[in-house]
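Undergrad: please work out how this folds:
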Amino acid sequence: MKQPSPTTTPVRDIYTVSRLNREAKGLLESSFPPIWIEGEISNLSRPASGHVYFSLKDSQAQVRCAFFRQHQRLVGITLKDGLHVLLRARVSLYEGRGDFQIIVEYLEEAGEGALRRAFDALKQRLAKEGLFDTAHKLPLPRLPRRIGIITSPSGAVLHDILTTLKRRFPAIAVLVFPVPVQGEGAAEKIATAIRLAGRRKDCDALILARGGGSLEDLWPFNEEIVARAIHACPVPIVSGVGHETDFTIADMAADARAPTPTAAAEMLSPDQQEWLAHFERIANRLISAMHGRLRSHSQHLDWLGARLVHPRSRLALLQQQLASLSQRMHLAQATRLRHARSQLQAMTAGLLQHSPLPRLHAAMLDTRHFHARLASAMKRRIELSTARLLQVMQALHALSPLATLERGYAIVQQSATGAIVTEAASVQAGERVQAQLAHGYLDCLVEKTREQ
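TA: As a prediction, this is how the structure comes out:
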């Protein structure tokens, strides 16, 4: 038997446990890119190092997870057993024990995470279509005559907006479009209200408002149907949805975004005190400019008067003209200010004239007047109908055979056949007949018949 040559003996590559785990870890980490995993937390532990360790499981399997302290600053939720989460992680292996594990880099609650992904996808798609471009946004009116408010009529948001508008510029009229602001079907009703306000065009601007809440509560304002209704609306819209940190698709599609509903009302309503202060500043600047101009002319005249010796009368005339012009300028300034105040009052009165309250009061008076006329007409109609009914009843009673019986007549019938007897020849002697009187009947026996 041939012996194997020493040079043909295979070389054994013997792994240590450390080498095996190290190479297995490198193979796992290079084969799997960062992945998203969804599951339920169990066996949560928090050692003194600050790292968090737990198992992520579903109905059939589980895997160990390590969530190191440097990544936890991005998490805004409290981790606990039973919490359903969505996490981004790297596949790895713990070399010391040879345990398969995943290293968590980011974690969020699964339900809100799905909404957030849907929010991001819709935002990117609508942004590509140009719905958020500033070129499509309408300018806000400087002094709106009427503001439409699209919000829930039962919430505190509407009260806050109305209070703000009344405080800043009470002459602005308000038209409320009541809609639900959360729950099933809310997005469709919000979009319908926006389209209705756009068709009517009786408001100079619209406020789309809702109080704060979770991402799920604010979701109707992240629906595509609402964003497209805002984009297509010919009336400028200010979005005041949620708190300052809340951003919705409606905020991006609107012509302007306010951090709160109250801020939206302040954005659209001018401050009448600021207007009056602005007029006052203009008046003061005008007075100061005129006084400076007068001082300059007066100094110039004084200088000319110092140079001239004989034409004193000319200088006196010019000084008199200057004093006259000064007085006229003062009067013109006062007249201009009065005119400006009158214009402001007229504008305020004009806005108040568009209030619907007088028309509503007139409509209520017309309604009461028509109700009284209707009641009177109905009463006359009933009285005429009652009188006609009595006449018909009297005529019917006069024609009734019962009235004839009351006068002493009788209706005679043959007892055998029930036929009415109208001729004596139709009855034989000895035959029985029945006579109907006004009150009761008579059974009679015919003894003899005769003609008239």
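
Undergrad: next up, identify which helix or strand Met347 is on.
TA: Secondary structure assignment for Met347, by DSSP states H and E: helix 312-353.

Undergrad: show me what that helix is packed against.
TA: helix 272-307 (3 or more Cβ pairs under 8 Å, 6 or more residues apart in numbering; DSSP states H and E). Yep, even glycine has a C-beta here, placed from its N, CA and C like the rest.

Undergrad: now the helix it packs on: mean pLDDT?
TA: Helix 272-307 shows a mean pLDDT of 83 in the predicted model.

Undergrad: swap in stretch 83-92?
TA: Stretch 83-92 comes out at a mean pLDDT of 89.

Undergrad: where does the chain dip in pLDDT?
TA: By pLDDT under 70, the low-scoring segments of the chain are 1-9, 74-76, 111-114, 305-311, 452.

Undergrad: the closest residue to Gly155 other than its chain neighbours - how many residues pack around it?
TA: The shortest distance from Gly155 to any non-neighbouring residue, by Cβ to Cβ, 6 or more residues apart in numbering, is to Gly211 (6.1 Å). Neighbour count for Gly211, taken as other Cβ atoms under 10 Å: 21.

Undergrad: list the residues that contact Gly211.
TA: 155-157, 242, 261 (Cβ atoms under 8 Å, 6 or more residues apart in numbering).

Undergrad: so where do the strands sit in this structure?
TA: For the chain, applying DSSP state E gives strands covering 35-45, 52-57, 62-67, 84-94, 99-109, 146-151, 173-178, 205-210, 237-241, 256-257, 411-414, 432-436, 441-445.

Undergrad: sorry, back to before: give me the phi and psi for the residue nearest to Gly155.
TA: Backbone geometry at Gly211, expressed as degrees, to the nearest 10, gives phi -80, psi 180.

Undergrad: can I get the strands of the chain in JSON lines including mean neighbour count and distance to Gln320?
TA: Formatted as JSON lines, the strands of the chain follow (neighbours: other Cβ atoms under 10 Å; distance: least, Cβ to Cβ, whole Å):
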{"stretch": "strand 35-45", "mean neighbour count": "15", "distance to Gln320": "92"}
{"stretch": "strand 52-57", "mean neighbour count": "19", "distance to Gln320": "94"}
{"stretch": "strand 62-67", "mean neighbour count": "18", "distance to Gln320": "93"}
{"stretch": "strand 84-94", "mean neighbour count": "18", "distance to Gln320": "90"}
{"stretch": "strand 99-109", "mean neighbour count": "18", "distance to Gln320": "86"}
{"stretch": "strand 146-151", "mean neighbour count": "23", "distance to Gln320": "55"}
{"stretch": "strand 173-178", "mean neighbour count": "17", "distance to Gln320": "54"}
{"stretch": "strand 205-210", "mean neighbour count": "28", "distance to Gln320": "55"}
{"stretch": "strand 237-241", "mean neighbour count": "28", "distance to Gln320": "59"}
{"stretch": "strand 256-257", "mean neighbour count": "18", "distance to Gln320": "58"}
{"stretch": "strand 411-414", "mean neighbour count": "16", "distance to Gln320": "127"}
{"stretch": "strand 432-436", "mean neighbour count": "15", "distance to Gln320": "128"}
{"stretch": "strand 441-445", "mean neighbour count": "11", "distance to Gln320": "131"}
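
Undergrad: endpoints of stretch 255-274, how far apart?
TA: Length of stretch 255-274, first residue to last, Cα to Cα, to the nearest Å: 24 Å.

Undergrad: before we move on, the earlier item: now do the helix holding Met347: distance to the chain's middle.
TA: Distance of helix 312-353 from the chain centroid (Cα atoms, centre = their mean, to the nearest Å) equals 49 Å.

Undergrad: tilt between that helix and strand 173-178?
TA: 30 degrees (axes from the mean of the first three to the mean of the last three Cα atoms, to 10 degrees).

Undergrad: what sits closest to Arg90 if chain neighbours are left out?
TA: Ile103 (4.7 Å).

Undergrad: so in terms of bridging, what pairs with the one you found?
TA: Under DSSP bridges, the beta-bridge partners of Ile103 are Ala66, Arg90.

Undergrad: ok, now how distant is the residue nearest to Gly155 from Thr151?
TA: Distance from Gly211 to Thr151, counting by Cβ to Cβ, to the nearest Å: 9 Å.

Undergrad: now do the shared contacts for these two.
TA: 157, 261.

Undergrad: the closest residue to Cys233 other than its chain neighbours: how many residues sit nearby?
TA: For Cys233, ignoring the flanking residues on the chain, the nearest one in space by Cβ to Cβ, 6+ apart is Gly198 at 4.2 Å. By other Cβ under 10 Å, the residues close to Gly198 number 18.

Undergrad: contacts only, for Gly198.
TA: By Cβ under 8 Å, 6+ apart, the neighbours of Gly198 are 229, 232-235.

Undergrad: ok, it to Ala186 distance?
TA: Using Cβ to Cβ, Gly198 is found at 19 Å from Ala186.

Undergrad: hang on, the earlier thing: Ile14 is nearest to which of the strands of the chain?
TA: Comparing the strands of the chain against Ile14 with Cβ to Cβ, the closest turns out to be strand 84-94 (20.5 Å).

Undergrad: tell me what the closest one is packed against?
TA: helix 17-31, strand 35-45, strand 62-67, strand 99-109, helix 110-129.

Undergrad: neighbouring contacts of the last one?
TA: Okay, so that is helix 110-129. Under Cβ under 8 Å, 6+ apart, the answer for helix 110-129 is 38, 84-86, 108, 132, 214-216, 219, 222, 224, 227, 249, 252-253.

Undergrad: how about a cut-off of 6 Å?
TA: With Cβ atoms under 6 Å, 6 or more residues apart in numbering as the test, helix 110-129 has contacts from 38, 84-86, 215, 222, 227.

Undergrad: count of neighbours near Ala424?
TA: 12.

Undergrad: quick one, phi psi at the residue nearest to it when sequence neighbours are not counted?
TA: In this structure, Ala424 finds its nearest non-sequential neighbour in Thr449, 4.4 Å apart by Cβ to Cβ, 6+ apart. In terms of degrees, to the nearest 10, the main-chain angles of Thr449 are phi -120, psi 150.

Undergrad: same deal with Val446?
TA: phi -80, psi 120.

Undergrad: contacts only, for it.
TA: 427, 429, 431.

Undergrad: mind checking how far it is from Arg46?
TA: 125 Å.

Undergrad: cool, and Thr151?
TA: 44 Å.

Undergrad: Ala277 too?
TA: Distance from Ala277 to Arg46, by Cβ to Cβ: 59 Å.
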